[in-house]
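Enquirer: attaching a predicted model along with its sequence, questions to come.
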Amino acid sequence: MHIMEGYLPVTHAVAWTAVSAPIVAWGGLRLVRTVRAHPETKMLLAASGAFCFVLSALKIPSVTGSCSHPTGTGLGAVLFGPAVMTVLGTLVLLFQALLLAHGGLTTLGANVFSMAIAGPFVAWGVFRLSRAIGASAAVAVFLAAALANLVTYLVTSAQLAAAFPDPASGFAGSFVKFATVFALTQVPLAIIEGLVTVVVFTMLTSYSRAELRQLPHLAGEAR
Amino acid sequence: MARRNTVLLLIAIALAVVPLFMGFQGEEVFGGADGAAQALITEIQPAYEPWAGPIWEPPSGEIASLLFTLQAALGAGFLGYYLGLRRGQVRVRGNGDDGSR
C-alpha cells in the first residue's frame, strides 16, 4: 500500500520528490541505453513491467486481518538492474495514483523512493550477494524478491514515522506503530511474492535464454 | 521445472487463504493496510488535515475493482503472451535451445 494523496506534509512531499526525481531520470537514461544496446530484450523488459503491474494490483489478505499488495519489482531488478526498474515502478505508481486514487501525486516521490528505488536496489544487492556466496538461482531470486517487498514497506513506515513522530516516543515509537501496520501485514505477502517470482524466473531461464544472454550480469544464469 | 513451480504456487495460494480462516471479525476486517495507516496518522496527530486529495477517484467500489482487475488482466495477458511465444519458439527450434547462437 502506498502513502495516500495529501498524507505527507508539504516539506516531506517536496523532499522525497527531490530525492527520487534524479534517480528515476538516471534510471530512464540507463533504460534507453539498455534498449539501444540490446533491442532484443525489449519484450523481456515489457514482461518485467507487466509482472510488476499484475502483482501490484493484487490485494491479498494477511495474518494481521488487513489486506496489502506485493510490489513485483524484484524480478525486473534482478533481470535488468535496479536503475531500469525505478522507471517501471514509477509508471505503475503513476497509473495507480491517477486512475485508482491509490497513492497520490503529492506522495509520488515518497512512494517511488520506497517501491521503485529502495525495493529494486535491495533486490539487486541481495541477488548478487546470494549468488556470490553460492546460493542457487532460485534461492537468490526468492530472497531478492521477498526482501525487496519487505524493505519497500519498512521504508514506507520510516517515511510516515518521520512525518508523524509520536508525541511521546518520537520517531522510533511511531516507526514501530507504522511498521506493525505495514511490515507485519507484508511478511506473508513477501513470501508469496518471492515464490511467484521464482516461478516466473524459472520459466524465463528455460524459454528466454537468448534474451538473458544479452544481459551481461545474467549471462551465467542462461546456460 | 513444472512440478517445482506447481508446488511453489500451491504454497503461495495457501499463504493467501490461511488468513481468511484465522477468525478475524468485525466491519473493518481485511480492509486495506493504507486505511489502517491513515487511522494511525489521525491517532498520532489528530489535527493533521490532508492538504491534497486525488484528482480523480473511481466513483464506486465496483469501478475501483474494475480498474484493479484491468490492471492485473493487462499485465497477466502480456506476460502470458510473452511466455507462450518464447516457449513456442524454443519448441520449434528444438532441443530446448532457441538456436540464437
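Expert: Looks like it came in fine.

Enquirer: could you use CA atoms for every contact and neighbour count after this?
Expert: Noted.

Enquirer: report the outermost residue of chain A with respect to its centre.
Expert: Going by CA atoms, centre = their mean, the residue of chain A most distant from its centre is A:Ala168, 32.4 Å out.

Enquirer: ramachandran coordinates for that residue?
Expert: Main-chain dihedrals, A:Ala168, degrees, to the nearest 10: phi -90, psi -50.

Enquirer: tell me the confidence at it?
Expert: On pLDDT, A:Ala168 comes in at 92.

Enquirer: now the helix or strand encompassing B:Ser65, how far from the centre of its chain.
Expert: Secondary structure assignment for B:Ser65, by DSSP states H and E: helix B:61-93. In terms of CA atoms, centre = their mean, to the nearest Å, the centre of helix B:61-93 is found 13 Å from the chain centre.

Enquirer: mind checking how far A:Ala25 is from A:Ala148?
Expert: Going from A:Ala25 to A:Ala148 by CA to CA, to the nearest Å gives 21 Å.

Enquirer: so if I had to pick from the two, which one is more boxed in?
Expert: For A:Ala25 against A:Ala148, the residue with the higher neighbour count under other CA atoms under 10 Å in any protein chain shown is A:Ala148, and the figures read 35 against 15.

Enquirer: and the more buried one, what helix or strand is that in?
Expert: Here A:Ala148 is assigned to helix A:137-163, by DSSP H and E.

Enquirer: quick one: mean pLDDT over that helix.
Expert: Helix A:137-163 carries an average pLDDT of 97.

Enquirer: helices and strands around the helix or strand just after it, which ones?
Expert: Downstream of helix A:137-163, the next assigned helix or strand under DSSP H and E is helix A:170-207. Under the contact criterion of 3 or more CA pairs under 8 Å, 6 or more residues apart in numbering or on different chains; DSSP states H and E, helix A:170-207 touches strand A:66-68, helix A:73-80, helix A:137-163, helix B:2-17, helix B:33-44, helix B:61-93.

Enquirer: export those as CSV, with columns for distance to A:Val196.
Expert: Shown next, in CSV, are the helices and strands packed on helix A:170-207 (distance: least, CA to CA, whole Å):
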stretch, distance to A:Val196
strand A:66-68, 16
helix A:73-80, 10
helix A:137-163, 8
helix B:2-17, 7
helix B:33-44, 22
helix B:61-93, 13
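
Enquirer: which of those sits most buried?
Expert: Ranked by mean neighbour count, the helices and strands packed on helix A:170-207 are led by helix A:73-80 with a mean of 29 (mean count of other CA atoms under 10 Å in any protein chain shown).

Enquirer: the least confident helix or strand in chain B by mean pLDDT pairs with which strands?
Expert: When each helix and strand of chain B is scored by mean pLDDT, DSSP states H and E, strand B:31-32 comes last, with a mean of 86. Sheet pairing of strand B:31-32 (DSSP bridges) gives strand A:66-68 (parallel).

Enquirer: give me the contacts around stretch A:4-24.
Expert: Residues outside stretch A:4-24 that contact it (CA atoms under 8 Å, 6 or more residues apart in numbering or on different chains): A:83, A:86-87, A:90, A:101-110, A:112-113, A:117, A:160, A:163, B:34, B:38, B:49-54.

Enquirer: and what of stretch A:97-109?
Expert: Outside stretch A:97-109, the residues that touch it by CA under 8 Å, 6+ apart are A:1-8, A:13-14, A:16-21, A:93-94, A:96, A:111, B:52, B:54-58, B:64, B:67-68.

Enquirer: can I get it in PDB? Just the C-alpha atoms.
Expert: C-alpha atoms of stretch A:97-109 as PDB (Å, rounded to 0.1, in the frame of the first residue of the first chain):
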ATOM      1  CA  ALA A  97      -2.300   7.400  -8.400                       C
ATOM      2  CA  LEU A  98      -4.100   8.700 -11.500                       C
ATOM      3  CA  LEU A  99      -6.700   6.000 -12.200                       C
ATOM      4  CA  LEU A 100      -7.200   4.300  -8.900                       C
ATOM      5  CA  ALA A 101      -6.800   7.000  -6.300                       C
ATOM      6  CA  HIS A 102      -4.200   4.700  -4.800                       C
ATOM      7  CA  GLY A 103      -1.200   6.600  -3.600                       C
ATOM      8  CA  GLY A 104      -1.100  10.100  -5.000                       C
ATOM      9  CA  LEU A 105       0.800  12.700  -6.900                       C
ATOM     10  CA  THR A 106       2.000  14.700  -3.800                       C
ATOM     11  CA  THR A 107       3.200  11.500  -2.300                       C
ATOM     12  CA  LEU A 108       4.500  10.000  -5.500                       C
ATOM     13  CA  GLY A 109       8.100  11.000  -4.700                       C
END
